[in-house]
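S.K.: All I have is the shape, not the residue letters:
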């Protein structure tokens, strides 16, 4: 009888641990996949906005060559969403940023801002912020007695 009670107690404790651990693990995995997807979209968006248009002297509305964009990306290929989503890309300079079918368009606010007023409305600080005073911290050695 004592053995059955111990076994039931151990099973109940293990079930409680699993009940707490599994949702936490799933939440952490989802957050990790979203962060990896955001990083993939950053890696893809950078060359589309900056590198390729400047190197090819393209203006807003010109078509981008995906091969030139992929040359700027490690692996020379389209990144893959870890959650199994697909990236929808408009290969036009100044066009919408890439979107993930699972996580959506995470860069819309940042890359479709035209003026500093719009930038402030999105919640980013102006690049003309007030200067701050510089504080110099010197290293002091502590003496022990």
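M.R.: Received, thanks. Quick caveat: nothing in here was measured; it's all calculated off a predicted structure.

S.K.: ok, and the residue nearest the centre of the chain, which helix or strand is that part of?
M.R.: Centroid-nearest residue in the chain: residue 38, 2.9 Å away (criterion: CA atoms, centre = their mean). Using DSSP states H and E, residue 38 sits within helix 2-46.

S.K.: helices and strands around that helix, which ones?
M.R.: The contact analysis (3 or more CB pairs under 8 Å, 6 or more residues apart in numbering; DSSP states H and E) places helix 2-46 against strand 87-88. C-beta coordinates here come from the backbone N, C-alpha and C atoms, glycine included.

S.K.: partners of the strand it packs on in the sheet?
M.R.: Here strand 87-88 is paired, per DSSP bridges, with strand 99-100 (antiparallel).

S.K.: Report the distance from the partner strand to the chain centre.
M.R.: Between the centre of strand 99-100 and the centre of its chain there are 12 Å (CA atoms, centre = their mean, to the nearest Å).

S.K.: low pLDDT regions in the chain?
M.R.: 106-145 (pLDDT under 70).

S.K.: at 80 what do you get?
M.R.: Applying pLDDT under 80 to the chain flags the ranges 1-2, 104-145.

S.K.: still on that earlier bit, surely the residue nearest to the centre of the chain is in contact with residue 102?
M.R.: No. Contact criterion CB atoms under 8 Å: residue 38 and residue 102 do not qualify, at 11.4 Å.

S.K.: That's all I had, so thanks and see you.
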